[in-house]
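In: Need a 3D model of the sequence below.
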Amino acid sequence: MDHDHMHGMPPPSSSSPSSMMNNGSMNGGGGQHHMKMMMHMTFFWGKNTEVLFSGWPGTSSGMYALCLIFVFFLAVLTEWLAHSSLLRGSTGDSANRAAGLIQTAVYTLRTGLAYLVMLAVMSFNAGVFLVALAGHAVGFMLFGSQTFRNTSDDRKTNYVPPSGCAC
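Out: Numbers count the residues shown, from 1 in each chain. Coordinates of the predicted model:
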C-alpha cells in the first residue's frame, strides 16, 4: 500500500505547517494569501486564539477579556438552567402539555449552552478552560448547592443535581 499519497491527498510537503505559514495558504501559495490559524491540540496560554467564531476574539486583549467573561456567563447560565424549577417541573404539571413544552424548551436551551461551553473549551486555551470551570462552579454554588438555600425550601435532603454537561 502506498501510504504517502493515500486517497488522492497531496504530499506532506505541500500542506506542512511550515509551508502553510510561509505561503499563507493550504494550497502551497497559488496566488491566494489567506492566513490560516493552526488549531492547537494541547492546552496553551495566550490571548491570540479563536473561540466559537472565526476570528473571535482575535489578538486584542480587550476582546480576549470579553471572550472570557462571555464563556464564564455561559457556564453560569447553563448551571442556572440545569437547576431551574422550570426544568424539574412538578407532578401536578406533568399532564399539562404547555408545561411539558416549556420544560422541553428549557432543556433544549440548556443543552445548547452546554455544547457552546464545550466548544469554547475545545479551543484548548487554558484561560477559557479555567473561566468555564469557574463559571460552572459559581453557577452550581449559587443555584445547585445548599449554600444559599433555606433548609425548609428543599424537597429532598440528599438531592444530587444533574450534570450541566449535555454529553
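
In: where do the strands sit along the protein?
Out: Applying DSSP state E to the chain gives strands spanning 49-50, 57-58.

In: lowest-pLDDT helix or strand in the chain?
Out: One helix or strand of the chain scores below all others by mean pLDDT, DSSP states H and E: helix 17-23, with a mean of 42.

In: Trp45: what's it in contact with?
Out: Asn125, Ala126, Gly127 (CB atoms under 8 Å, 6 or more residues apart in numbering). C-betas here are computed from N, CA, C, even on glycine.

In: of the residues you listed, buried ones?
Out: Asn125, Gly127 (16 or more other CB atoms under 10 Å).

In: For Phe143, see how far away Ile102 is.
Out: Distance, Ile102 to Phe143, by CB to CB, to the nearest Å: 18 Å.

In: Can you show me the helices along the chain?
Out: Ranges of helices within the chain are 12-15, 17-23, 61-82, 85-88, 97-121, 126-143, based on DSSP state H.

In: Could I get the ones you listed in TSV, plus columns for distance to Thr42?
Out: Formatted as TSV, the helices of the chain follow (distance: least, CB to CB, whole Å):
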stretch	distance to Thr42
helix 12-15	20
helix 17-23	14
helix 61-82	19
helix 85-88	36
helix 97-121	13
helix 126-143	10
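
In: before we move on, the earlier item: which residue of Ile102 and Phe143 possesses the greater neighbour count?
Out: Set Ile102 next to Phe143 and count neighbours by other CB atoms under 10 Å: Phe143 wins out with 18 against 15.

In: Am I right that the more buried one is in contact with Trp80?
Out: Yes: look at Phe143 against Trp80 with CB atoms under 8 Å: they come within range, at 5.0 Å.

In: Gly144 and Met41: what is the separation?
Out: Distance, Gly144 to Met41, using CB to CB: 32 Å.

In: and those two? which has more neighbours close in?
Out: Gly144 (20 against 7).
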